[in-house]
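Enquirer: need the 3D shape of this:
(one chain, ligands or ions: 1)
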Amino acid sequence: MARVLTGIQSSGRPHLGNILGAIVPAIELIQQNQEESFIFIADMHSLTSTKNGEIRKENTLAVAAAWLAFGLDINKTVFYRQSRRPEVAELTWYLSCFTPYPMLANAHSFKDKSDRLSDVNAGLFTYPVLMASDILLYSADLVPVGKDQMQHLEMTRDIASTFNRIMEEEILTIPEARISEAVKTIPGTDGQKMSKSYNNFIDIFLPEKQLKKNVNSIITDSTPLEEPKDPDTCNVYKLYSLIASQEQTLEMRGKYQGGNYGYGHAKKEFFELILTKYQKERELFNFYMENPAEIESKLAAGEEKAKAVAEPILSKVREKLGFS
Ligand code: TYM
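Expert: Numbering: from 1, shown residues only. Model prediction:
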């Protein structure tokens, strides 16, 4: 099959959007795949927002722990920290010289903040080039991501094609995005896209009491308890149906339409479902967070393997550009 690669920023602990939109689909893809896959923690990307090194380290551990808790098969995966393969920074410089300014000025990640330009650092502006390098340095074919990363994937394809055209040789592999329709945009507690930066996320790894509080923060309307409610406009129902079985979802739908079923009841069911459905993952996540050496050894092994793939590709690029 094809080489699968994806990454998650360590700008926070992974939330339900990351899990359903990226971790679960990527792990499924890896299981079906014969070829070795590449899963990394985009800790360099997190520097565009998080400046505190201790926090970054903790988040990097949490992202790694989440992948492992969800069953990432490290025998079939090169699992690594982006920053431990500094070749990516070198490639980013080369590729940035092939990236037109208007392409970056058009990126949603930049445009969303362009009304407050003083808050935009150069790293945030060139963020898509680092992401392109993440993908191209390992000749990835398939990149499973949520819909919000689609534009970055298109830029990666454009940058790679431009490079190959100017170099008159197919040096860089043109990757394809893989976006699962059902989970392309997971809503947050306020109905907008779930995101660390909107602070509207569900963190399924929280201790019970905090998780309950987190679930209770889901915004609902003020329809009285006795009255029927519209499940399709309700944030609790939307989130519940993403992790529940079809049968459980239909049952909750019936309760919404029947009346005498409040949002508090629905939140309680969602909370309990997180606890039962993700019991194993929650335990494993805690185990890894308490035993960082277990994570470290896995990442260190992956970082060595990543080097063996990155170096020949980078050498080819250097050679073509007259840097060898
Ligand atoms: P990040 O860290 O914001 O998100 C990681 C992955 O989770 C997906 N995701 C979602 N999917 C569905 N619904 C949501 N609400 C939701 N929120 C997040 C994202 O689409 C992504 O797949 N730039 C990337 C990280 C990155 C990367 C890469 C990814 C760096 N280099 C190379 C792939 C390949 C990012 O910030 O994702």
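Enquirer: residue 86 and the ligand, how far apart?
Expert: Distance of residue 86 to the ligand, given as C-beta to the nearest ligand atom, to the nearest Å: 15 Å. (Each C-beta comes from the backbone N, C-alpha and C, glycine too.)
Enquirer: who touches that residue in this structure?
Expert: Not one residue lies near residue 86 by C-beta atoms under 8 Å, 6 or more residues apart in numbering.
Enquirer: who's in contact with the residue of the stretch 101-250 of the chain found nearest the ligand?
Expert: With C-beta to the nearest ligand atom, the shortest gap between the stretch 101-250 of the chain and the ligand falls at residue 146, namely 2.3 Å. Taking C-beta under 8 Å, 6+ apart as the contact definition, residue 146 lies against 17, 21, 22, 179, 183, 184, 185, 186.
Enquirer: just the pLDDT for the fifth one.
Expert: Residue 183 carries a pLDDT value of 85.
Enquirer: spatially nearest residue to it (excluding sequence neighbours)?
Expert: Closest residue to residue 183 apart from its sequence neighbours, by C-beta to C-beta, 6 or more residues apart in numbering: residue 20 at 4.6 Å.
Enquirer: surely that neighbour is in contact with residue 185?
Expert: No. Applying C-beta atoms under 8 Å, one finds residue 20 not in contact with residue 185, separated by 10.2 Å.
Enquirer: these two - which one has more neighbours?
Expert: The residue with more neighbours, out of residue 20 and residue 185, is residue 20; 21 against 14, by other C-beta atoms under 10 Å.
Enquirer: what subset of the contacts of residue 146 is also close to the ligand?
Expert: Checking the contacts of residue 146 against the ligand by C-beta under 6 Å from any ligand atom, the ones in range are 17, 21, 22, 183, 185, 186.
Enquirer: helix, strand, or coil at the second one?
Expert: When you say that, I think you mean residue 21. What DSSP: H, G, I helix; E, B strand; the rest coil gives for residue 21 is helix.
Enquirer: quick one: furthest residue from the center of the chain?
Expert: When each C-alpha in the chain is compared with the mean C-alpha position (C-alpha atoms, centre = their mean), residue 226 comes out farthest, at 39.6 Å.
Enquirer: report the longest helix in this protein, please.
Expert: Longest helix in the chain by number of residues (criterion: DSSP state H): helix 292-321.
Enquirer: run the chain-centre distance for that helix.
Expert: Centre-to-centre, helix 292-321 and its host chain are 20 Å apart (C-alpha atoms, centre = their mean, to the nearest Å).
Enquirer: ok, and what's touching the least confident helix or strand in the chain by mean pLDDT?
Expert: Using mean pLDDT, DSSP states H and E, the weakest-scoring helix or strand in the chain turns out to be helix 108-111, at a mean of 88. With contact meaning C-beta under 8 Å, 6+ apart, helix 108-111 is reached by 104, 105, 120, 124, 125, 127, 128, 148, 151, 152.
Enquirer: fine by me, we can end here.
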